[in-house]
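> Predicted structure and sequence below. I'll ask about it afterward.
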Amino acid sequence: MDKVDKIKSASRRKFLTEIASVPAVALAAGKSFGEPAPVPEPAKTYPRAPFASEGKRFVAVQIGARSFVDEGVAACLDTLQEKGGVNVLMPTVFTYGRGLSGRQVPGQPLPDHGVQEYDQIHGGSYAKVHPEFYASSVVRDIRAPELGDFDILADVTPAARKRGMQVYALFEEAYNPRLIANFERIAEVDIYGRIGRDTCLNNPDARNFLSSMVEDWVKSNDLDGLMWESERQGPLNETIGAYFGKFTGTSFINCFCMHCVRKATEQGINVARAREGYLALELWVKRTYGQPRANDGAFVTYWRLLLEYPEILAWEKFWFKSQEEVYGLIYGTAKEANPKVQVGWHIMHLVTMSPFYRAEQDYSRLMHVSDFLKPCPYNNCAGPRLAQYIKNIQTTVFGDSTPDQVLELHYKLMGLEGEPSLSQLPTTGLSAEYVAAETRRAIADVQGAIPIYPGIDIDIPTGVDEKRTRPEDVKAAVIASFKAGAPGVVLSRKYAEMKLTNLAGAGEALRELGRA
């Protein structure tokens with residue numbers, strides 16, 4: 001038994017049996033606020049990914065169904081292999097968002113391949129939906145209609161196999177409530193009782209829906225792996241503006257549905273105090289955002305609020321432990337359907353910017369319900385994204401400092417050196433060393449127990465006057481990832497927005513590494 005199997009087998013004993021009997025207990029947040037949450041313990045050790053055991057480089061690409069329909073399956077696969085050295089497909093099976101499906105995002109430059117016009121998407125499942133797996137699900141009608149009967153798994157996998165490529169189904173937590181019948185039955189609910197756009201992590205029907213999809217894809221198709229993309233964070237981080245989207249001083253504080261209230265109460269969390277604390281936090285943000293410095297300053301009054309309402313942190317912990325449970329549920333469902341399927345998680349880009357989000361995404365915990373992790377050190381779009389994040393968080397928690405001082409603090413907290421100033425960030429991006437540093441950190445956190453496949457930014461959209469990807473950027477990031485110890489990379493976000501000249505930067509990096 002090698003190092004990987006020893007680490008995994010030491011912790012995986014009870015997880016799947018717990019999921020089978022009580023869907024909500026795989027990673028419970030503890031009986032009280034001060035009690036640490038137990039590490040998930042799956043029932044048994046599962047097979048490792050073939051690429052790890054054979055020593056091959058894992059070179060994956062994320063790709064939507066539209067690209068195959070527009071360019072042809074064979075032509076797409078040939079291009080990916082010839083230009084990017086790709087040997088693993090990550091086709092997007094489910095999403096209602098534009099980030100992983102459809103052609104280029106409207107307003108962004110069209111790439112040098114594919115149909116030269118923008119499209120409209122409906123979204124849903126881009127693979128055939130087999131009704132028998134959804135008999136107990138309240139959400140069933142999810143087939144994406146815009147590409148007819150095209151099945152991104154059944155119509156692509158055989159051709160990929162002939163070329164020696166593996167297939168990992170990619171699905172995203174991106175919904176459109178208007179287009180999903182019964183979505184209100186699985187939706188999160190905010191502190192004011194409003195229905196949200198995401199599912200509640202503790203809603204049994206929401207969990208059942210995810211399990212139904214996973215079981216369908218794994219049992220109905222010849223898959224090598226599965227990757228889930230869940231790009232959201234808890235209510236505390238959202239409320240204080242700790243993210244890289246535009247912050248306006250208001251947030252959707254979730255989730256306070258009956259399922260969350262019941263479960264939190266059972267765990268000893270005072271829900272009434274949590275509500276009161278978040279309402280006070282929301283008021284603090286409104287008084288701090290864009291306003292002159294208060295007598296005691298932003299950070300002191302923020303910390304004072306957390307001391308007055310420790311339930312704020314308790315509810316934040318409750319939220320991200322619930323997300324861990326869903327990771328575990330997906331992992332267990334896929335492994336029960338096919339133990340050889342490799343299951344992993346896309347970790348939101350924010351993990352490389354925000355110390356608040358990084359603290360919650362504990363790789364040493366996640367590795368117990370993962371066969372691989374894909375952290376996202378997207379160095380090109382990181383420039384404008386990090387600049388926006390700094391501007392956001394400076395208006396709340398770090399309002400006592402200038403934006404430049406806040407950036408310098410974050411560089412220190414995140415272990416980065418020699419990166420651009422705030423004024424340079426949007427047009428410069430971050431360096432390949434940033435990619436390497438995040439890769440080394442992830443590998444160290446999982447103690448080498450599971451593969452780390454960093455996401456490589458190829459033409460992820462930025463503003464007109466902001467940093468754009470160049471072939472040398474891609475080449476440097478790929479080389480940095482492998483030299484930092486990663487056994488593979490994931491070319492991201494989607495093939496439909498990548499220029500072939502930039503995709504070729506990955507192929508050039510692989511050839512150079514092969515000569516080294």
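Noted; the coordinates are in hand. Numbering: from 1, shown residues only.
> For the stretch 401-516 of the chain, which segments count as strands?
455-457, 488-492 (DSSP state E, counting those that start in this stretch).
> With mean pLDDT, mean neighbour count and distance to Val341 added, can I get those in CSV?
For glycine as for every other residue, the C-beta is placed from the backbone atoms N, C-alpha and C. As requested, the strands of the stretch 401-516 of the chain are exported to CSV (pLDDT from 0 to 100; neighbours: other C-beta atoms under 10 Å; distance: least, C-beta to C-beta, whole Å):
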stretch, mean pLDDT, mean neighbour count, distance to Val341
strand 455-457, 98, 28, 21
strand 488-492, 98, 27, 17
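> looking at those, which is closest to Thr352?
Closest approach to Thr352 among the strands of the stretch 401-516 of the chain (C-beta to C-beta): strand 455-457, 10.1 Å.
> can you list contacts of that closest one?
With contacts defined as C-beta atoms under 8 Å, 6 or more residues apart in numbering, strand 455-457 is touched by 346, 349, 374-382, 435, 469, 473-474, 477-478, 481, 489-493, 506.
> Also stretch 350-363?
Residues outside stretch 350-363 that contact it (C-beta under 8 Å, 6+ apart): 233-234, 236-237, 240, 242-244, 316, 320, 347-348, 373, 375-377, 382, 385-386, 389, 393, 410, 413-414, 434, 438, 442, 445-446.
> Which members of the contacts of strand 455-457 are classed as buried?
The neighbour count (16 or more other C-beta atoms under 10 Å) marks 346, 349, 374-382, 435, 469, 473-474, 477-478, 481, 489-493, 506 as buried among the contacts of strand 455-457.
> For PyMOL, what selects the buried ones among the contacts of stretch 350-363?
The PyMOL selection below is limited to those of the contacts of stretch 350-363 classed as buried (16+ other C-beta under 10 Å):
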select buried, resi 233+234+236+237+240+242+243+244+316+320+347+348+373+375+376+377+382+385+386+389+393+410+414+434+438+442+445+446
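> So which of the contacts of stretch 350-363 are in helices?
If you go by DSSP state H, the contacts of stretch 350-363 have 236-237, 316, 320, 382, 385-386, 389, 393, 410, 413, 434, 438, 442, 445 in helices.
> residue with max distance from the center of the protein?
Farthest-out residue of the chain from its mean C-alpha position, per C-alpha atoms, centre = their mean: Asn295, at 39.1 Å.
> host element of that one?
Secondary structure from DSSP states H and E places Asn295 outside every helix and strand.
> Could you do the one 4 residues further on as well?
Take DSSP H and E as the rule and Phe299 turns out to sit in helix 298-308.
> And that helix, what's buried?
Ala298, Thr301, Tyr302.
> before we move on, the earlier item: against Ile186, how distant is the residue farthest from the centre of the chain?
According to C-beta to C-beta, to the nearest Å, Asn295 and Ile186 sit 45 Å apart.
> Quick one: low-confidence residue ranges for the chain.
The chain contains residues with pLDDT under 70 at 1-45, 47-54, 516.
> can we see that at 50?
In the predicted model of the chain, residues 1-34 satisfy pLDDT under 50.
> Can you tell me the SS state at Glu324?
The three-state label given to Glu324 by DSSP: H, G, I helix; E, B strand; the rest coil is helix.
> What of Ser251?
coil.
> ok so, going back, going by distance to Phe256, which of the buried residues of helix 298-308 wins?
Tyr302 (21.8 Å).
> Could I get the contacting residues of that closest one?
Neighbouring residues of Tyr302 by C-beta under 8 Å, 6+ apart: Ile240, Trp284, Thr288, Thr396, Val397.
> Determine which two of these are furthest apart.
Longest span within those, C-beta to C-beta: Trp284 and Val397, 10.1 Å.
> hang on, the earlier thing: closest one to Lys128 among the strands of the stretch 401-516 of the chain?
Lys128 sits nearest to strand 488-492 of all the strands of the stretch 401-516 of the chain, at 25.2 Å, using C-beta to C-beta.
> Not counting that closest one itself, show me its contacts.
When contacts are defined by C-beta under 8 Å, 6+ apart, strand 488-492 is touched by residues 51, 57-62, 84, 86, 88, 90, 374, 376, 378, 451, 453-458, 460, 478, 481-482, 498, 503, 506.
> Indicate each strand paired with it and its parallel or antiparallel sense.
According to DSSP bridges, strand 488-492 forms sheet pairs with strand 58-63 (parallel), strand 455-457 (parallel).
> Return stretch 154-163 as CSV; C-alpha atoms alone will do.
C-alpha atoms of stretch 154-163 as CSV (Å, rounded to 0.1, in the frame of the first residue of the first chain):
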residue,chain,number,x,y,z
ALA,A,154,-23.0,9.5,-25.5
ASP,A,155,-22.1,11.3,-28.8
VAL,A,156,-18.6,12.3,-27.7
THR,A,157,-17.2,9.6,-25.5
PRO,A,158,-16.8,6.8,-28.1
ALA,A,159,-14.8,9.2,-30.4
ALA,A,160,-12.7,10.3,-27.4
ARG,A,161,-11.9,6.7,-26.5
LYS,A,162,-10.7,6.0,-30.0
ARG,A,163,-8.1,8.8,-29.5
